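Q: Give me a model of this one.
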Amino acid sequence: MAVEERKKRVVIEILGEEYIIRSSSSSEHVLEVGRYVNRLMKELSEKYPRMSVQKIAILASLNLASDLLSLRKQEKHRKR
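A: Alright, predicted model coming up:
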């Protein structure tokens, strides 16, 4: 079976817009990620109501990338 055939389609909602996500991860995981991103973007859009959705998405991406890099650094230090 090809990799593409094993990917599931999951519908998530971000700020009222639906997105179809194709992923080999479990549906539950994809939904959890979608809820997390939606919550983060909603918090940012409430904090900055005049900011465009595009800028909210970029700000959310920067926050998520910062968290990920911090966790990777922590893990790297634990392995030493």
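
Q: Please count neighbours and contacts with C-alpha atoms only from this point.
A: Fine.

Q: ok, and for the longest helix along the chain, which residues are buried?
A: Secondary structure of the chain read by DSSP state H shows that its longest helix is helix 53-79. Using 16 or more other C-alpha atoms under 10 Å as the test for burial, helix 53-79 gives 56-57, 60.

Q: before we move on, what about stretch 28-46?
A: Neighbour-count burial for stretch 28-46 [16+ other C-alpha under 10 Å]: 30-31, 34, 37-38, 40-42, 44-45.

Q: Remind me what the host helix or strand of residue 36 packs against, helices and strands.
A: Assigned by DSSP states H and E, residue 36 belongs to helix 27-47. Contacts defined by 3 or more C-alpha pairs under 8 Å, 6 or more residues apart in numbering; DSSP states H and E place helix 27-47 against strand 8-14, helix 53-79.

Q: Could you tell me the angle between the longest helix of the chain and helix 27-47?
A: Taking axes from the mean of the first three to the mean of the last three C-alpha atoms, to 10 degrees, helix 53-79 and helix 27-47 form an angle of 120 degrees between their directions.

Q: about what we covered before: can I get the helices and strands packed on helix 27-47 in JSON lines with distance to residue 24 and mean pLDDT?
A: Converted to JSON lines, those look like this (distance: least, C-alpha to C-alpha, whole Å; pLDDT from 0 to 100):
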{"stretch": "strand 8-14", "distance to residue 24": "6", "mean pLDDT": "97"}
{"stretch": "helix 53-79", "distance to residue 24": "21", "mean pLDDT": "96"}
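
Q: out of these, nearest to residue 20?
A: strand 8-14 (4.5 Å; C-alpha to C-alpha).

Q: strands paired with that closest one, and their directions?
A: Applying DSSP bridges, strand 8-14 is found paired with strand 17-23 (antiparallel).
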